[in-house]
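S.K.: the sequence and its predicted three-dimensional model are supplied below.
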Amino acid sequence: MFNRLETASKSLSSRIAVAKPEQLRNACVVACRLALQATALDIPITLESLEQLQQNGKLSQDRIAELKDLIAQFDERYFDMQEKADDGADLQTEVLRLFRQARAVSALSFAGEEDPTIAASESIYEASMAVDNQSEFFSLIENIITK
């Protein structure tokens, strides 16, 4: 299976492959929290999903479906805005904000998946697209996984 995280951080991807499920679930929660903080995305569904991840380590299929609907909404707005933004730099900031918010929600939806290795790889990759400093982010997540 193609691992997108490997393209961004081979070291972290390698550590995820051998980490314990509990370490991976903890890393997912932290990654999602950082992505939500970076995007100032504090709407009820994201906050509730993060809380469920902290308590249960995963999300219900219904919750994942709700998150995927929200991702589609953000992506649609992002693509629409991107077409308009080609003409002006003012809209580029909004395009980036919407893109990052979509990635933060996507991180949550992946974090809730059943398989902890896939959940961590995909969730952490998506969360990394929402934060400002990826190298600092990857370093922090790697420290969580190796504890």
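M.R.: That came in fine, so what should we check first?

S.K.: quick check: pLDDT value at the residue positioned nearest the centre of the chain.
M.R.: Averaging the C-alpha coordinates of the chain gives a centre point, and the residue nearest to it by C-alpha atoms, centre = their mean is A107 (2.3 Å). The predicted structure scores A107 at 97 on the pLDDT scale.

S.K.: what's the answer for the one 5 residues further on, then?
M.R.: We note a pLDDT of 92 for G112 in this prediction.

S.K.: longest helix in this protein, by residue count?
M.R.: With DSSP state H applied, the helix covering the greatest number of residues in the chain is identified as helix 61-85.

S.K.: who does it touch, helix- and strand-wise?
M.R.: Here helix 61-85 is seen to pack against helix 44-56, helix 89-111 when contacts are counted using 3 or more C-beta pairs under 8 Å, 6 or more residues apart in numbering; DSSP states H and E. C-beta coordinates here come from the backbone N, C-alpha and C atoms, glycine included.

S.K.: which SS class is E113?
M.R.: coil (DSSP: H, G, I helix; E, B strand; the rest coil).

S.K.: for N133, see how far away the residue nearest to it when sequence neighbours are not counted is.
M.R.: Distances taken as C-beta to C-beta, 6 or more residues apart in numbering place A119 nearest to E113, at 4.1 Å, with adjacent residues excluded. From A119 across to N133, the span is 23 Å (C-beta to C-beta, to the nearest Å).
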